[in-house]
Each structure stands twice: as structure tokens, then as C-alpha cells.
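Student: Fold the stuff below for me.
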Amino acid sequence: MLSANTSPTLAGALAAPRPLAPDENIFDFQSTGHLTGRVVFLGLDQHSYKRFAFFLGYLYFHFTTDSVSNAGFAQSSYSNQGEAGPPDWEARQRLFFFGNYNLPKKLSLSAQMDAQSGAPYNVTTGTDNNGDGVFNDRPSYASAPGPGVYATRFGLLTPGTFNGNVPRNLGTMPTLVHLDTNLSRAFKLGKADSGRTLTLNARAANLLNHTNVAAVSTVVSTPNFAQPIAAESARRIEFGARFTF
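Tutor: Next up, the predicted model:
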């Protein structure tokens, strides 16, 4: 941990005395933080009909916090400025559905859908500009184009800065859509009271084959900044059989 008397500059951060060995930091955590906001929930439930049942829900989150999830670090060891932003886990809007439909020929169709707006992500410089040993430094807004200035969807940004003024979690990931379905049919084997049943099913995961982005490039100076770099699995169809006795 840097000395409280050390000037908060890059040179001062690098030259600050360490209690154990040169260039080794000790990080001090605190368990305090602030979270404010609101939640809206709407739901529609139906289980009284013979052929089908469903639950449809909608959630809206709008929170602001100065605390990073999973024991994360603020950009600066000296200031909390710019740390107020949406929580790392927040998907602003979410729509979800669970349903079951009894088809003719004793077929049963079930479906589960979850659609949500993307979670926030931190725009970073990709370097440890302030020398605290944590690579979470953010860029600053630039007033005009020039060397080291990048035109982005967030405006002109420059990574050549010390404790940048871009707020935490400025970016938003693409929308996620999951639709899983299962079609099944149970067959009684032997006498009705034998208890032997063969169930056949066909299951589809990500039936819509929607590209669910798992990560984007957060470093402002990279050619693929804010572009997807990882995604969840594509559509998958499985067939199964289960015998009970």
C-alpha cells in the first residue's frame, strides 16, 4: 500500500517505499460501499388451464454503486472520483418466460426463455498508468483529435493519462437471448401398474442460435475495442431416452 504522504503521481507511486520489498504492493481492503437505485418487477402467472401453464416476468434495474464486485480495486488509491457507476452484475432490463404445453399424442413441450440487456464493462487503457500494480486504469476524454487520441462510440478518448476521467463501467455488453426447449413423450411398458416407463425427448439449447457475447475488448487503443472476443455456445440439439422401473 502506498504511503499516505506520497504525492499521487506516477513517479511518486513507483518510488514509494514498500514494507516488504521493492515493487511489491500490499493492498488494504475495506468492507464499506454504497448502492442506491430502484427495481421494478412485473409478472403474469397462469397455472389453471389443463393444456398449458406459463410464467412471464419483467425486471428493471437501475442502480449506482461505488463498490466493485468480487473485491475489485478502484482506479486510484487516493480518490474515489469516477467510481460511481452501474454494478458489474447489472443487466438494466430482463424478460423471462417459463412454459409447458400438453400437445396431442401425449407429447409435452416445455420452454424457458431469458432475454436481457447487456451487463456493463469498464473501458481501460490496458496499462498501469498510476503504478499501483492494478491494470484497471481508465482513459480520459480528449477535446480534439490528435496523436494517441481514439475516436470511439463514447467520444474521443486518450489512454495517455493519469487516473483518467472516464467513469467506471461506461460500456455495455450486447443483448443476451437464451431460448431452451424440450419435447418429450412417455410410454408405459407392460401392465399399467408395472411402473415401467420409457421417456424419449429432444432438447434444444439456444434454439434461436443467437450470438450471446461473453466478453468484449475493453482496451481503448486496440483495433477491436468494444468488439466481441468471446461468445457462449451456439445452438445445440440433444436426444435422450430414460427408462424407469
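
Student: Sketch out the low-pLDDT regions of the protein for me.
Tutor: Under the criterion pLDDT under 70, the flagged ranges of the chain are 1-23, 70-71.

Student: What are the boundaries of the strands in it?
Tutor: In the chain, the segments counted as strands under DSSP state E are 35-46, 52-65, 93-102, 107-116, 120-121, 140-141, 150-152, 155-158, 171-172, 176-189, 196-205, 213-216, 228-231, 236-244.

Student: hmm, who's touching the third one?
Tutor: This means strand 93-102. Contacts to strand 93-102, defined as CB atoms under 8 Å, 6 or more residues apart in numbering, come from residues 50-61, 108-117. The way it works is simple: take the backbone N, C-alpha and C, and place the C-beta from them, glycine included.

Student: Now the buried members of those residues.
Tutor: Of the members of those, the ones counted as buried by neighbours, 16 or more other CB atoms under 10 Å, are 53, 59, 61, 110, 111, 113, 114, 115, 116, 117.

Student: what sits against the residue of the chain positioned farthest from its centre?
Tutor: In the chain, counting by CA atoms, centre = their mean, residue 191 sits farthest out from the average C-alpha position, at 51.5 Å. When contacts are counted by CB under 8 Å, 6+ apart, residue 191 touches no other residue.

Student: quick one: residue 108 and residue 146, what's the gap?
Tutor: From residue 108 across to residue 146, the span is 64 Å (CB to CB, to the nearest Å).

Student: For the closest residue to residue 148 other than its chain neighbours, the count of nearby residues, please.
Tutor: Computed as CB to CB, 6 or more residues apart in numbering, the closest residue to residue 148 that is not its neighbour in sequence is residue 160, at 4.7 Å. Residues within reach of residue 160, counting by other CB atoms under 10 Å, total 15.

Student: so residue 160 sits right up against residue 146, yeah?
Tutor: No. At 10.3 Å, residue 160 and residue 146 do not qualify as touching, with contact defined as CB atoms under 8 Å.

Student: how close does the residue nearest to the spatial centre of the chain get to residue 132?
Tutor: Residue closest to the average C-alpha location in the chain (CA atoms, centre = their mean): residue 119, at 4.2 Å. The spacing between residue 119 and residue 132, counted by CB to CB, is 25 Å.

Student: same thing with residue 117?
Tutor: 32 Å.

Student: what's in contact with stretch 36-49?
Tutor: Everything outside stretch 36-49 that qualifies as a contact, by CB under 8 Å, 6+ apart, is 52-65.

Student: for stretch 152-161, same thing?
Tutor: Against stretch 152-161 from outside (CB under 8 Å, 6+ apart): 123, 125-127, 129, 139-145, 148-150, 166, 170-171, 219-221, 225-226.

Student: Buried ones among those?
Tutor: Among the contacts of stretch 152-161, those classed as buried by 16+ other CB under 10 Å are 123, 125-126, 129, 139-140, 142, 149-150, 166, 170-171, 219-221, 225-226.

Student: still on that earlier bit, could I get the contacts of stretch 36-49 as CSV with distance to residue 235?
Tutor: Below are the contacts of stretch 36-49 laid out as CSV (distance: CB to CB, whole Å):
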residue, distance to residue 235
52, 24
53, 26
54, 23
55, 24
56, 23
57, 24
58, 25
59, 26
60, 29
61, 29
62, 33
63, 33
64, 37
65, 36
